[in-house]
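Novice: Could you look at this predicted model? Sequence included:
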Amino acid sequence: MLRTARITPKFWSSTLSLPKSTFPPRAILADRPKYLKRCTDELYARQRGLTGDTFTLHDGPPYANGSLHIGHALNKILKDILCRFKLSQGYRIDYVPGWDCHGLPIELKAIEQNESLGQDSNNASNAVDVRSAARRLAEEAVEKQKKSFQQWAIMADWDHAWKTMDKGYEIKQLAVFRELVKKGLVYRRFKPVYWSPSTRTALAEAELEYKDDHISTAAFVKYPIRKLPRAARCLEEDILSALVWTTTPWTLPANKAIAFHSELDYAVVRSERNGNLLVAKARIEEIERVCKENFSVLCIIGGSELQDAAYDDAAFTPETRPFLHADFVSADSGSGLVHLAPGHGMDDYQLCLKHDITAFAPLDDDGRFTGLASPFDPKLLNGKEALYNGNRSVLEFLTSKGLLLTSHKYKHRYPYDWRSKQPVIVRATEQWFADVGGIQDAALLSLDSVAFVPEGGKERLRSFVKNRTEWCISRQRSWGVPIPALYDKETGEAVLTEASIDHILTVIERRGLDAWWTDDASDPAWVLPSLVTPNESQRKASFLRGKDTMDVWFDSGTSWTQLKSSVTAPNKPLADVYLEGSDQHRGWFQSSLLTYIAQMHTSGNCTTPQAPFRTLITHGFTLDEHSRKMSKSIGNTISPDEIMDGTLLPPLKRKAKSDKGFVSPAKQVTYDAMGPDALRLWVASCDFTNDVTVSPTILKAIHGTLSKYRVTFKLLLGMLDDFDPRATTKPFEHLGVVQQIALTQLGQAVEKVLFHYEQFDFQRAVHEINRYINTDLSSFFIESIKDTIYADSRSSRNRIEAQSVLLQIYSALQAVLYPVTPPLIEEVLDYAPAFLNRPPSSPFVSKQVLADIIRQSKCLDRDLEKNLPWLLRANGAVKMAQEEARAAKKMGSSLQSEVLFQVSEAPTTNNQDVFECLNRYRSALEDILVVSGVNVSRSALPTALDSADWSYRSEFDLLGSKVVAHIHTPRKLKCIRCWKYHADMEEGTEDVLCKRCEEVLEELAKRRPDLFTTLPPSDAGTPQ
């Protein structure tokens, strides 16, 4: 035997099989491009060669304007995790990214950066320059954003990415538009639309955002009644005025009628200052409060009595106007009488249309009054902004006429242009509309076969579709796809037919879309030849091309034309998944659905309406740690680069050696740059179905988790460094108890992770992975086998079994983490032992690897599976007693204790079963509990405790019987090599070896005699 007293600790370490791996604790920045390329471009190209089913994710195009923000990261990484999971399940991925390139923000930015362009982008020559500048801006933004996406490890077909400004895309979009025209779903009408004076264009509902604290000046205004209701003719004087309340006094010059409700009761009241007034009976008290005056009620009139009444618009026109019943009138606010301006209100327009009352809107594109607003005095309001000084002028004029009772500030919800952040107005203009009502039922029916994540998204999308009967698709800007209409120079009549669009498309094919603006206004090539009559050849030149462009939601909404199969197979949607933010229910989701259903409707394939998506997934918005929406104005935005660079967290504490050799703080600040893995893990850890939070506190936890992943892989690689898979011949069902428990836990964890991935519940998938690594793997299995891996002989069957299970764990963690942290897994593979180097096709066999693990875990000892819960309970009881001993400073390492399980000595069958069960797993429990010995006793006072220096106890239940777990002082000595208290006392020695370690050293001396040549001469040679 070796005389151990003079042997250094370094020697004993050299005899242990300690884990060896060069895998770095932190990612090496210089290696990042290599791993990114491998797990994105190269992987996407390789997987396209797979056969089998294809998974298609259609990209909701980001807007090609400016830098990417954290919301983009949330969106794109969610898509990538989903694609990678589907790839791991054997699907071939079809994911072609796109960009939305047209629209007002880019156009305004182009004008802002080029002062010479001016604001009138609809001017033909100016439009050409604006379009050219806008295209350059969009192209620059696309390239910049693409590089950022690729830095986030997004696997996609970047080489074939589409843009809505591509010629091919624009032609397909116009072809869809042609089909809608063919079926009569597109028409032109003078009617009120949302209009943005700040950007001089019509807007759709999806382009609005609502401000809840908008302040308007509301007013009570009276109109003299010319034709009194019969019930009011009891007045001594035939002088009565209808009192209306409005929050938009600027619309009063466009008044065409007054609305009432036939089922309300109205009162004639006497005002000392304002004469006789007609108001809703239920509103008298509130009007008195606002006007600071008490009224006398003269008589009550039923609402139906107002049907034949009429009034004078004495302020702005000499006309007499009618009273009209309206269902939308109520006694909840105002006066119970509503002034109607069909040129400035949707409800007003619909009601007046039924009575052949035309809309009137005396405003220009800038939202300023024209001279028509005040025929008596055209200069009164002309040129004044309706929302601002024009509104004040209207009130001043009404005051001078004695028609204004009072005005007051009123806070309410009001629509704003989501781009300029300025208030909008409702204004009647000539616009192009798509008839959504005609396809509404089919669109709603198609949603019945769509899966929604979260489920509430279905009702949200349905409500938007239900509440929309038409879609204003024209915009008064130049950077976009033109509405291909021709206008008669003389009459202004529009020509928009299937044949005219076909002809225009042939010209665009030859000349490109920009020619619509660059060609001479009288160029006859754009005019359909059939428009030329035999007797009027000059007719060809009497048409002008329109200046309106399409709503950008129509642009992006027709992006389904870019999918590989734009003509879908029966009952198969074009895309498996659409995934965007929850705001897209009223945006891209809706426009995609409506354009696709409309196209199916025109082609006659709408007997069974089919949405373009099989599954619709929505995510929330990003918030800061105070749950505030991120905004540049608040200054709470977080850049994805900051997360990848680690600069949101404190710098690393590092020290550097100076030239003189002493240690001094490093001058250069270094951050823990975890790269795209940190960004991706944050996304995967979020409950994306709600608004998600990002903060330094959360990112610190993310970094801790990533560090745990790296430490875990480093340990696995080290423990497998000397493993020979060929040595594993024993079936898994015949493994030792600890190994079988580990495989059972692994199989259960994998099954849960796969289930969560399938449900798109990435947060729970990551949570289960983390739980497994921290609890089942690190706290249980690794602790249980450390002694075996480190101290057993490399030929030990127990050690080989443990390594075979570690290999399964290593493979499983690679597979389940690859969708979330692909750069990390690529890096791990670079540091893996030779036998672990994957063949080229192995990223695509994760499904089989994980299926095998689940299958193997279900083939293990059924008795063990049944007894596993109490084994873990026993572990918990022992840990509790050990903590008491540590608190009393009796022990440190758990190896400094033995365990005695005391079973009741009562002669019952149950107690006997418990005793036998504990004895059956006694040797395994020593590894599970990481102690130096386990014994089982049925004695009331176990003798092993008599000689113990100290002991602590804890109880637990087993098979209905109470078991006491005693931990106590080990009865043997500490082995100097493995530190287990298994060594027998040897006379004259301070440090001793256990029997197992003696045998390992004997084998090691034969295999590695060089280890023993450095020992003192008296100790060299083969151990005895």
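Specialist: Cool, got the structure.
Novice: use CA for all of it now, contacts and neighbours both
Specialist: Will do.
Novice: And the helices in the stretch 851-1000 of the chain, which stretches?
Specialist: Ranges of helices within the stretch 851-1000 of the chain are 862-887, 909-920, 922-929, 995-1007, based on DSSP state H, counting those that start in this stretch.
Novice: Let's have those in a markdown table, adding mean pLDDT.
Specialist: As requested, the helices of the stretch 851-1000 of the chain are arranged in a markdown table below (pLDDT from 0 to 100):
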| stretch | mean pLDDT |
| --- | --- |
| helix 862-887 | 88 |
| helix 909-920 | 87 |
| helix 922-929 | 92 |
| helix 995-1007 | 91 |
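Novice: What residues of stretch 450-457 count as buried?
Specialist: For stretch 450-457, a neighbour-count test (16 or more other CA atoms under 10 Å) marks 450-454, 457 as buried.
Novice: Counting only strands, which of those make the cut?
Specialist: 451-453 (DSSP state E).
Novice: any idea which of the buried residues of stretch 450-457 is the one closest to residue 889?
Specialist: Relative to residue 889, the closest of these is residue 454; by CA to CA it sits at 52.8 Å.
Novice: Which parts of the stretch 1-150 of the chain are helices?
Specialist: Using DSSP H, counting those that start in this stretch, the helices found in the stretch 1-150 of the chain span residues 9-14, 32-39, 41-47, 70-88, 104-113, 124-151.
Novice: Quick one: closest of these to residue 216.
Specialist: Of all the helices of the stretch 1-150 of the chain, helix 104-113 comes closest under CA to CA, at 26.9 Å.
Novice: Remind me what that closest one packs against, helices and strands.
Specialist: Applying 3 or more CA pairs under 8 Å, 6 or more residues apart in numbering; DSSP states H and E, we find helix 104-113 packed against helix 124-151.
Novice: partner strands of the following helix or strand past the helix it packs on, parallel or antiparallel?
Specialist: Next helix or strand after helix 124-151 toward the C-terminus (DSSP states H and E): strand 162-163. When pairing is defined by DSSP bridges, strand 162-163 lines up against strand 98-99 (parallel).
Novice: what distance separates the strand it pairs with from the middle of the whole chain?
Specialist: Centroid displacement of strand 98-99 relative to its chain, using CA atoms, centre = their mean, to the nearest Å, is 17 Å.
Novice: do the same with stretch 643-653
Specialist: Mean C-alpha position of stretch 643-653 versus that of the full chain (CA atoms, centre = their mean) differs by 24 Å.
Novice: which residues touch it?
Specialist: Stretch 643-653 is touched from outside by 642, 669-679, 696, 699-700, with contacts defined as CA atoms under 8 Å, 6 or more residues apart in numbering.
Novice: Okay, buried residues for that stretch please.
Specialist: By 16+ other CA under 10 Å, the buried positions in stretch 643-653 come out as 643-646, 648-649.
Novice: In these, find the pair that's most separated.
Specialist: 644 and 649 (10.8 Å).
Novice: if we can go back for a sec, the helices of the stretch 851-1000 of the chain into CSV, with extra columns for distance to residue 276 and mean neighbour count?
Specialist: Formatted as CSV, these follow (distance: least, CA to CA, whole Å; neighbours: other CA atoms under 10 Å):
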stretch, distance to residue 276, mean neighbour count
helix 862-887, 86, 17
helix 909-920, 97, 16
helix 922-929, 94, 20
helix 995-1007, 111, 17
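Novice: Thank you kindly, that will do.
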